[in-house]
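Trainee: Dropping the sequence and predicted coords here.
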Amino acid sequence: MTGTAHRLGSAPTLWDLVARRAALTPDDPVLIQAEDDPAADRTLTFGQLRDRSERVAAGLHGLGIRPGTVVAWQLPTRIETVLLSMALARIGAVQTPLIPFYRDREVGFALRESKAEYFASPGNWRGFDHTEMAERLGTRGIFDGYRALPDGDPAVLPPPPADGTAVRWIYWTSGTTSAPKGVLHTDRSLIAGGSCLAHALHLSASDVGSMAFPFAHIAGPDYTVMLLLYGFPAILFEKFAMPGALDGYRRHGATVAGGSTAFYSMFLAEQRKDPDTPVIPSLRLLAGGGAPKPPEIYHAVVREMGVQLTHGYGMTEVPMITMGAPDDTVENLATTEGRPPDGMEIRITGPDGSVLPPDTDGEVRLRGEAVCQGYLDPVQSAEVFDPDGFLITGDLGHLTPSGHLVLTGRLKDVIIRKGENISAKEIEDLLHEHPDVGDAAVVGLPDAERGERVCAVIEQPDGAAPLTLPAVTRYLRDQGLSVHKLPERLEILPTLPRNEALRKVLKYELRAQFS
């Protein structure tokens with residue numbers, strides 16, 4: 001059974017996957033940490049993942065963490081982060097992962113709303129003191145999740161959790177509001193997403209994957225489930241930058257890489273430096289999602305890199321919705337988001353909720369095992385599901401007669417930059433507090449490398465001092481906005497375009513004007 005997906009019960013837990021894969025292939029590698037110095041690279045096997053996670057779980061138990069305890073962690077992509085997450089899964093705690101570049105605003109909100117009792121910090125990481133931030137926010141139960149994971153005797157642990165349908169994960173998405181939304185997931189929904197992703201990509205034990213994205217992203221458990229079900233390893237990059245990361249891919253023989261459109265563009269840029277030499281000789285597949293993929297990117301990757309590219313559609317609420325399959329047609333791989341797996345239902349609906357026929361644009365709605373349980377806020381949960389139990393995504397698109405999904409736009413006002421959702425309203429709310437801003441609109445503009453870039457369009461009051469992009473970004477930094485949300489372009493207009501009825505800003509006109 002080596003290298004195949006192990007059959008599980010109807011509602012397995014994530015720890016079931018860890019334990020069963022360790023029993024099947026205990027000596028096979030699962031995580032490979034790629035360091036700047038190759039001599040410092042580390043490898044963890046499936047058996048070690050199980051055994052060390054249990055020891056960490058015992059140490060966490062000694063700190064007072066029990067089934068149902070809410071633990072927030074804000075850690076980079078490292079072996080220790082995966083060990084901590086699997087240890088919490090072994091206990092049956094509720095995890096709320098936070099992207100490492102989140103700052104006071106997002107972290108403070110998440111800690112308050114989730115009522116987290118413990119917080120795992122990386123300490124002073126990449127020039128920012130996360131422990132100091134946690135103390136500033138009044139967080140209790142802070143411990144080092146980067147260098148000194150707790151350790152203990154697994155004999156003290158209670159039995160592993162048995163119910164894969166219990167909510168044990170709170171992920172965060174900005175969506176359309178200035179405050180993040182806490183998305184509720186179960187082991188079952190995360191396993192459904194990961195297993196469908198692996199099946200769509202046709203992966204096996206002979207593959208070597210990679211995680212160059214934050215493990216705290218919803219893609220973290222998605223990818224981990226693939227490793228556990230199919231028995232192959234992944235290379236972890238704590239810091240991803242080109243061309244430095246290429247050596248890690250090469251020396252560990254990566255066969256699958258990617259993440260989002262931005263990653264595809266970076267690989268292409270490196271390939272173009274030496275067109276006749278494969279940038280990663282072992283690579284056979286680029287795969288990802290999280291941002292729009294221009295068809296020309298697909299064609300350039302296949303033509304210039306000599307590998308296949310499959311792109312998919314997912315979100316924090318539903319980690320795997322559709323995925324392109326390597327053996328699909330060129331037309332479908334270039335122009336669609338792929339097809340949904342078995343168990344994922346997609347409806348395209350009109351404004352009244354009626355189901356629309358193929359090739360007709362409407363709102364995308366979803367139902368299936370990978371769909372979240374809703375939000376922390378019960379009001380938000382009530383609004384996101386329709387009477388038939390379909391999740392209302394706010395995305396626009398259509399299904400082709402073959403069942404492939406084509407996305408054409410979004411109802412929700414969110415910018416997707418490098419696979420991360422950015423709320424336009426959050427930035428606008430902060431800009432409106434600036435004395436030299438009369439009105440502001442923030443829009444996403446197409447970008448071949450990032451998917452979208454953030455553009456702030458400002459209307460200034462009479463007599464205001466002229467604003468510059470450096471001044472605006474400095475102001476937003478001072479307000480605690482995360483660096484990845486800062487505008488990359490600033491436009492000043494005498495008046496923002498508005499409709500005649502309610503004087504609402506016409507963002508589609510701004511996108512058309514500045515794209």
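Mentor: Here it is on my side, so go on.
Trainee: Now residue 332: which helix or strand?
Mentor: If you go by DSSP states H and E, residue 332 is part of helix 330-335.
Trainee: So which other helices or strands are in contact with that helix?
Mentor: Using 3 or more Cβ pairs under 8 Å, 6 or more residues apart in numbering; DSSP states H and E, the elements in contact with helix 330-335 are helix 295-300, strand 308-315. Backbone N, C-alpha and C define where each C-beta goes, glycine included.
Trainee: For residue 226, find the nearest of the ones you listed.
Mentor: strand 308-315 (12.9 Å; Cβ to Cβ).
Trainee: Using CSV, write out every CA atom in the closest one.
Mentor: C-alpha atoms of strand 308-315 as CSV (Å, rounded to 0.1, in the frame of the first residue of the first chain):
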residue,chain,number,x,y,z
GLN,A,308,2.6,21.1,-17.2
LEU,A,309,0.7,23.8,-15.4
THR,A,310,-2.6,23.1,-13.6
HIS,A,311,-4.5,25.9,-11.8
GLY,A,312,-7.5,25.7,-9.5
TYR,A,313,-10.0,27.6,-7.5
GLY,A,314,-10.2,27.6,-3.7
MET,A,315,-10.8,30.0,-0.8
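Trainee: Summarise which helices and strands it is packed against.
Mentor: helix 187-201, strand 285-288, helix 295-300, strand 318-323, helix 330-335.
Trainee: Now tell me what touches that strand from outside.
Mentor: Strand 308-315 has contacts (Cβ atoms under 8 Å, 6 or more residues apart in numbering) with 173, 193, 197, 200-201, 218-219, 222, 258, 261, 264, 284-290, 293, 297-298, 301-302, 320-326, 328, 333, 337-338, 393, 405, 407, 421.
Trainee: Relative to it, what are the paired strands and their orientations?
Mentor: strand 285-288 (parallel), strand 318-323 (antiparallel) (DSSP bridges).
Trainee: For residue 237, which of those strands is the nearest?
Mentor: Short answer: strand 285-288, nearest of the strands paired with strand 308-315 by Cβ to Cβ, at 14.4 Å.
Trainee: any residues touching that closest one, and which ones?
Mentor: 201, 255-261, 263-264, 267, 301, 305, 307-312, 323-324, 326, 419.
Trainee: roughly how far is that strand from the heart of the chain?
Mentor: 15 Å (Cα atoms, centre = their mean, to the nearest Å).
Trainee: Kindly report the same for stretch 202-214.
Mentor: 16 Å.
Trainee: buried ones in that stretch?
Mentor: 203, 207-214 (16 or more other Cβ atoms under 10 Å).
Trainee: Which one of the residues you listed is nearest to residue 89?
Mentor: Nearest member of those to residue 89, counting by Cβ to Cβ, is residue 211, at 17.2 Å.
Trainee: Enumerate every residue touching the residue most central in space within the chain.
Mentor: The residue lying closest to the centre of the chain (Cα atoms, centre = their mean) is residue 217, at 3.7 Å. Contact analysis of residue 217 by Cβ under 8 Å, 6+ apart lists 97, 99, 419-420.
Trainee: do residue 246 as well
Mentor: 270, 279-280.
Trainee: how near is it to residue 456?
Mentor: 34 Å (Cβ to Cβ, to the nearest Å).
Trainee: hang on, isn't residue 420 packed against residue 99?
Mentor: Yes. Look at residue 420 against residue 99 with Cβ atoms under 8 Å: they come within range, at 7.5 Å.
Trainee: In terms of neighbours, single out the busier of the two.
Mentor: residue 420 (23 against 20; other Cβ atoms under 10 Å).
Trainee: Now do the strands for the stretch 151-300 of the chain: every range, in order, please.
Mentor: Listed in chain order, the strands of the stretch 151-300 of the chain (DSSP state E, counting those that start in this stretch) span 167-173, 181-186, 209-211, 234-237, 256-259, 285-288.
Trainee: How much space separates the residue lying farthest from the centre of the chain from residue 436?
Mentor: If you look at how far each residue of the chain sits from its centre, by Cα atoms, centre = their mean, the farthest one is residue 463, at 43.1 Å. Computed as Cβ to Cβ, the residue 463 to residue 436 distance reads 9 Å.
Trainee: What of residue 358?
Mentor: For residue 358, the distance to residue 436 - Cβ to Cβ - is 50 Å.
Trainee: higher neighbour count, the two?
Mentor: Neighbour count, other Cβ under 10 Å: between residue 358 and residue 436, residue 436 has more, with 16 against 12.
Trainee: nearest residue to the more buried one other than its sequence neighbours?
Mentor: Using Cβ to Cβ, 6 or more residues apart in numbering and skipping residues adjacent in sequence, the residue nearest residue 436 is residue 464, 4.0 Å away.
Trainee: ok, now residue 280?
Mentor: residue 249 (4.8 Å).
Trainee: Count the residues that sit near that neighbour.
Mentor: Neighbour tally, residue 249, other Cβ under 10 Å: 23.
Trainee: Give me the local confidence score for residue 226.
Mentor: On the pLDDT scale, residue 226 is placed at 96.
Trainee: For burial, what's the neighbour tally of the closest residue to it other than its chain neighbours?
Mentor: The shortest distance from residue 226 to any residue other than its chain neighbours is 4.0 Å, reached at residue 198 (Cβ to Cβ, 6+ apart). Per other Cβ under 10 Å, the neighbour tally for residue 198 reads 25.
Trainee: so who does residue 198 touch?
Mentor: 5, 225-226, 229-230.
Trainee: Residue 424 now?
Mentor: Counted by Cβ under 8 Å, 6+ apart, residue 424 has contacts 413-415, 441-444.
Trainee: could you pull out the strands for the stretch 401-515 of the chain?
Mentor: Under DSSP E, counting those that start in this stretch, the stretch 401-515 of the chain gives strands at 405-410, 414-417, 420-423, 439-447, 451-459, 489-493.
Trainee: how about a markdown table for those strands, with distance to residue 32 added?
Mentor: Output for the strands of the stretch 401-515 of the chain, formatted as a markdown table (distance: least, Cβ to Cβ, whole Å):
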| stretch | distance to residue 32 |
| --- | --- |
| strand 405-410 | 33 |
| strand 414-417 | 28 |
| strand 420-423 | 25 |
| strand 439-447 | 31 |
| strand 451-459 | 28 |
| strand 489-493 | 38 |
